[in-house]
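1. 3D model of this:
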Amino acid sequence: MPSLVQTMDASPRVFAAEKRNAKVKPSIIMVDNALGLQDAVIQVVDRYTTSASNGAAAALRTDPRLSINVAMMACVSIRDELKDVKCLGQMELTIVTLDINCIVSVGWDHE
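-> Predicted coordinates for the structure are as follows:
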């Protein structure tokens, strides 16, 4: 299981790249907001390109798959809630509330 730890800021962070003929399935997400100055809202976002069909052109899609709220000065670990979360393309995490003291760790598999 690959994993990555990132300090969040205003730009989306790519945690898992798109893999041809496979879905990205997060297996664990840990959010450390112990040094945070405010509550953190983290979104798991699926970024993928649709295929061209029936005369429609290919299009880039960005679909939110999960939102995680973490209180200030708290740490959370999410595993069971991820059983139905799958990304067709690359898995990105974005922080809705800007707090550079929030640290996110993600483990994932491809299926």
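
2. residues near the nearest residue to Leu98 once chain neighbours are set aside, how many?
-> Nearest non-adjacent residue to Leu98, counting by CB to CB, 6 or more residues apart in numbering: Ala10, 5.7 Å away. All C-beta atoms are positioned from the backbone trio N, CA, C, and that covers glycine. Residues lying near Ala10 (other CB atoms under 10 Å) number 8.

3. how far away is Ala10 from Ala16?
-> 20 Å (CB to CB, to the nearest Å).

4. do Lys25 as well
-> 9 Å.

5. what sits in contact with each of those two?
-> Counting by CB atoms under 8 Å, 6 or more residues apart in numbering, the contacts common to Lys25 and Ala16 are Cys87, Trp108, His110.

6. Look at Gln90 and say how many residues are nearby.
-> Residues lying near Gln90 (other CB under 10 Å) number 17.
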